[in-house]
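Visitor: sequence plus predicted model, see below.
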Amino acid sequence: MRRLLKDPFTHFLLLGAFIYWLYGSVTNHGVLSRQNEVYVSRAQVLNYMQYKAKLFDEERFSDYLSSLSDAQKKLLVDNFIEDEILYKEALRLGLDQGDFIIKQRLASKVRFLLEDSASQTQPRDNGLEAYFKENINRYVQPASITFTHIFFDKSIRGKDKASQDAINALHIMNEGKESQDRLGDRFPFLINYADRTQRYVADHFGESMSEKILSLTPNEKKWQGPFESNYGYHIILLYDIKSERVPSIDEIRPQLTSDFLQEKQDAALRDSIKEVKSRYHIRVDADI
Amino acid sequence: MKKPKLRDTLLLTTLWMGTAYGAPAMAAEPYWGDTHVHTTYSMDAFMFGTNIDPSAAYRFARGVPVIQPVTGAWIQIRRPLDFIVISDHAEMLGVAAGVATEESLISSTSTGRKYIQWFKEGRLGDIYADFVKVLVGGEDTDVNDDRIKKSIWSRVADAADLNNLPGKFTAFTGWEWTSNTNGANLHRVVFTPADASTAKKFTPYSAFDSAKPEDLWKWLTKIRKETGADFVAIPHNSNVSKGKMFDMADSEGRPISAEYARNRMMWEVAAEVTQIKGTSETHPALSPTDEFAGFELYTTLLQGRKDGVKAVARPSEADYLRSALKRGMEIQQRTGVNPYKVGLIGSSDTHTGLASSDEDEFYGKSVIDMLPADKEKEFPGIPTNGWEMSASGLAAVWATENTREAIFAAFKRREVYATTGPRIMLRFFGGFGFNAEDASAADIASVGYARGVPMGGDLLRAPKDKAPSFLVHAVRDPIGANLDRVQIIKGWVDASGKAQERIYDVAWSGNRTMDVNGKLEAVGDTVDTENVRYSNSIGSPQLSRVWVDPDFNPSETAFYYVRVLQIPTPRFSLYDAKALQIDHSETGQPASIQERAYSSPIWYNPK
């Protein structure tokens, strides 16, 4: 020990360490930082080896590490130390600042953390009604139409004849007469339309006819028309038009509950981010 | 039993025609669905970049707006679906999402830590390539952890129950068994009508449990016995199965036995004939006389390049459904049981979570090829790109009501059919008593059910001197294109025991004539490539016919299925080329295609 203390090389090292400490203290505003301390444990070396190899098998690497010669071990530890101090130097020089990849990576890590805590939110049922009222537009059920029709195909009868036959059929049906012949042709789509939306009816009959139907007064006893579609002429028996309606909470409870929960969790996440944001002073240039 | 809906009541009401409706209370139109949708819970779909989870996928299919994963815009499906199966890969189910959040269950495994590290480094493609490698190698991995699977599976089942709205929208719980040994695609979608509490009694069987379909069927039998959950398994992408999907031998290389056939037919009642990765009906090399065989073929094998060379499928009879239906009958002659008596459906296999197969409403195979500008990008680990994909796959089901039970029952009786996207309505009945005038019946269904069997059914021994007659009615998509023609495709086993096929044009639009060789004049093509439009000035809104088999031999086993062709319309790549302001030839794809519907077959059984 005495010999060691006398050794000029030891002095050199101690001096170096002192200067390094001084430098580190000054650059860290006089606070002694652990930044310039590198600690090497077996666990850290094992971790280092696995990430380097991109293979993760603790046991195998532990055996492997034990099997290394001292020289090999030293080389490994030197590599670890080199990477570690370069990393710390990078931090010291502020190279992590403004690095886009690092920024994104850290931001997403924090977002995951916040999301995770937000998903623990379990709202009570009592806000459900208020939520429903606030978002009533999302649950409105569209208007629907119920009718049946008889169709006269213009590609079979010709346009004029189809129109005339439809007028005749209207009289026959409304006078309650039995016809000798079957009235009408086979429409490509449906005979009966029950509780169908206007969009659906428009897909089958065209926009203009669907609008006409929607403007009629329902009458189960009286056939109306004829109306022209893309395919020919129709007389229709309109049973019912249900106007747009708001369902009761009970009708849509499962969906509503799930949407409500999702909304709460989203809100919790937004709140957490807002809380974090409040700790920052934010300035935005006017000319962005 | 539910109260009959007004719609069904009306259907059964005779209003003016004096004909009684003798049909079962079948819905007036089919239910439309997609049984093959991947979400962010699928390893590959996540790595490709979708953030659509099952809940969002259900909402999109039901017609609720969701946020598009790339652009962030709100999108809404033009026409909602009636039913859906979310079919995430059982292999590493939910692992990807756990990698992103560094869930402790994931990081406790060495593979999990590896993926987490790669994820941090942005090496998503490497994770995907590793996933494919593991699948192709057929080896297990420690990240295929049952605890991870269980927690995700219960979320999957709960989401299905929450979105299942009887009478309005059916959500099935399901998954994909992704056997891919040596790059041979033996994938099956499996789904169950069971509710979440039953589904939680098991976790989905994966290719890590076994890559042999025989083991899957064994497991399904066992689980049904233990939990009461029933299942349907749907083979798909046989077109890239390397001659394995409809093989003449089992997984051990033994000739297919009656027992194998019975086990398979217990579950595999339908197969995908069309989807985003192309057509599995037939290939020009297998059906050289079929002028419409070269339709939307896809031959890129699900494996990486070997020495820089892309692996391309060589068409085999085991890869396509028409030849499978044929060899099924050949095997039946030998063993007494047909192992390939399958119905035909289409489904998307989308990895975006967004189930939409219309050419002008297609979100791509995955997020990688979602935007037009990204169509030419190569997929990680697989040498394919977005232009090669097909905007295809829709399943139509004839069922009495829109519930899990009714739709599942329709699958079991194979009363299902496929389209490449358009909602073409197709009725198909076989019997021995249809007359020519039945084709103009106001209600085809009542005649069909009263005097015949619907698609998916069997005809038994023919009465003396009678050939089977088929009643077919096809109607175009209400907001789509007119129809070109209806064909019946017949397969039969001749006296030598060899299966044959023949295509009959049975109904077509306009006054077109057949030439001396029986070839019908083409319908024409109205597609305007400049403005990406077509016109319904050609074709017909509906086609119907009673067709009697002119070549019938009462002692020969046979099947008959219908193929309906639309008039040519723009392929999705033409819309995208227009968006990109490039010439469509740069996409390497045709400007227009003839979309189609395929019925399930009707089989004739002589004894």
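Guide: Received, thanks.

Visitor: confirm that B:E317 sits in a strand.
Guide: No - counting by DSSP: H, G, I helix; E, B strand; the rest coil, one finds B:E317 to be coil, located in no strand.

Visitor: enumerate every residue touching it.
Guide: B:G243, B:F246, B:L286, B:S323, B:A324, B:K326, B:R327 (Cβ atoms under 8 Å, 6 or more residues apart in numbering or on different chains). C-beta: built from backbone N, CA, C; applies to glycine.

Visitor: top of these by neighbour count?
Guide: Scoring these on neighbours with other Cβ atoms under 10 Å in any protein chain shown, the highest-scoring entry is B:F246 at 27 neighbours.

Visitor: residue numbers of chain A in contact with chain B?
Guide: Residues of chain A found near chain B (Cβ under 8 Å from any Cβ of the partner chain) are A:50-51, A:54-58, A:101, A:105, A:112, A:115-116, A:146, A:148, A:150, A:173, A:179, A:182-184, A:186, A:188-192, A:194-195, A:203-204, A:231, A:237, A:254-255, A:258, A:262.

Visitor: from A:F260, how far off is the closest residue to B:N239 other than its chain neighbours?
Guide: In space, and not counting its chain neighbours, B:N239 is closest to B:S280: 4.5 Å by Cβ to Cβ, 6 or more residues apart in numbering or on different chains. The spacing between B:S280 and A:F260, counted by Cβ to Cβ, to the nearest Å, is 43 Å.

Visitor: ok, those two, which is more surrounded?
Guide: Between B:S280 and A:F260, counted using other Cβ under 10 Å, the more crowded position is B:S280 (30 against 20).

Visitor: longest single helix anywhere in the chain?
Guide: Defaulting to chain A. Counting by DSSP state H, the longest helix found in chain A is helix A:253-278.

Visitor: actually it's chain B I care about, not the one you picked
Guide: Chain B, longest helix under DSSP H: helix B:146-163.

Visitor: what helices and strands are in contact with the very next helix or strand once past that helix?
Guide: Towards the C-terminus, the helix or strand next in line after helix B:146-163, according to DSSP states H and E, is strand B:170-177. If you count contacts as 3 or more Cβ pairs under 8 Å, 6 or more residues apart in numbering or on different chains; DSSP states H and E, strand B:170-177 packs onto strand B:31-37, strand B:83-86, helix B:146-163, strand B:188-192, helix B:404-412.

Visitor: for the stretch 251-400 of chain B, which segments count as strands?
Guide: With DSSP state E, counting those that start in this stretch, the ranges of strands along the stretch 251-400 of chain B come out as B:270-275, B:278-279, B:343-346, B:357-358, B:361-362, B:378-379, B:382-385, B:394-397.

Visitor: of all those strands, which one is nearest chain A?
Guide: strand B:357-358 (13.2 Å; Cβ to the nearest Cβ).

Visitor: returning to what we had before: could you export the strands of the stretch 251-400 of chain B as CSV, including mean pLDDT, distance to B:W217 and mean neighbour count?
Guide: CSV is the format used below for these (pLDDT from 0 to 100; distance: least, Cβ to Cβ, whole Å; neighbours: other Cβ atoms under 10 Å in any protein chain shown):
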stretch, mean pLDDT, distance to B:W217, mean neighbour count
strand B:270-275, 98, 15, 30
strand B:278-279, 97, 26, 24
strand B:343-346, 98, 17, 30
strand B:357-358, 96, 29, 24
strand B:361-362, 96, 34, 21
strand B:378-379, 88, 31, 18
strand B:382-385, 89, 28, 19
strand B:394-397, 98, 22, 28
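
Visitor: need these in JSON lines (columns: distance to B:A61).
Guide: Shown next, in JSON lines, are the strands of the stretch 251-400 of chain B (distance: least, Cβ to Cβ, whole Å):
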{"stretch": "strand B:270-275", "distance to B:A61": "16"}
{"stretch": "strand B:278-279", "distance to B:A61": "23"}
{"stretch": "strand B:343-346", "distance to B:A61": "15"}
{"stretch": "strand B:357-358", "distance to B:A61": "12"}
{"stretch": "strand B:361-362", "distance to B:A61": "13"}
{"stretch": "strand B:378-379", "distance to B:A61": "25"}
{"stretch": "strand B:382-385", "distance to B:A61": "26"}
{"stretch": "strand B:394-397", "distance to B:A61": "12"}
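
Visitor: with distance to chain A added, can I get the ones you listed in CSV?
Guide: Putting those into CSV (distance: least, Cβ to the nearest Cβ, whole Å) gives the following:
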stretch, distance to chain A
strand B:270-275, 23
strand B:278-279, 26
strand B:343-346, 21
strand B:357-358, 13
strand B:361-362, 14
strand B:378-379, 22
strand B:382-385, 22
strand B:394-397, 14
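
Visitor: re the thing from before, kindly export the longest helix of chain B (C-alpha atoms) in CSV.
Guide: Provided in CSV are the C-alpha atoms of helix B:146-163 (Å, rounded to 0.1, in the frame of the first residue of the first chain):
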residue,chain,number,x,y,z
ASP,B,146,-51.2,-19.4,-22.3
ARG,B,147,-51.6,-16.6,-19.7
ILE,B,148,-51.1,-13.9,-22.4
LYS,B,149,-53.5,-15.7,-24.7
LYS,B,150,-56.1,-16.1,-22.0
SER,B,151,-56.2,-12.4,-21.0
ILE,B,152,-56.5,-11.3,-24.7
TRP,B,153,-59.0,-14.1,-25.5
SER,B,154,-61.4,-13.0,-22.8
ARG,B,155,-61.3,-9.5,-24.2
VAL,B,156,-62.0,-10.9,-27.7
ALA,B,157,-65.0,-12.9,-26.5
ASP,B,158,-66.4,-10.0,-24.5
ALA,B,159,-66.1,-7.6,-27.4
ALA,B,160,-68.1,-10.1,-29.6
ASP,B,161,-70.9,-10.4,-27.0
LEU,B,162,-71.1,-6.6,-26.6
ASN,B,163,-71.4,-6.1,-30.4
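
Visitor: buried set for stretch A:252-271?
Guide: Neighbour counts over stretch A:252-271 (16 or more other Cβ atoms under 10 Å in any protein chain shown) mark A:I252, A:Q255, A:L256, A:T257, A:S258, A:D259, A:F260, A:L261, A:K264, A:Q265, A:A268, A:L269 as buried.

Visitor: looking at the residues you listed, spot the one nearest chain B.
Guide: When the buried residues of stretch A:252-271 are compared for distance to chain B (Cβ to the nearest Cβ), A:S258 wins out at 5.6 Å.
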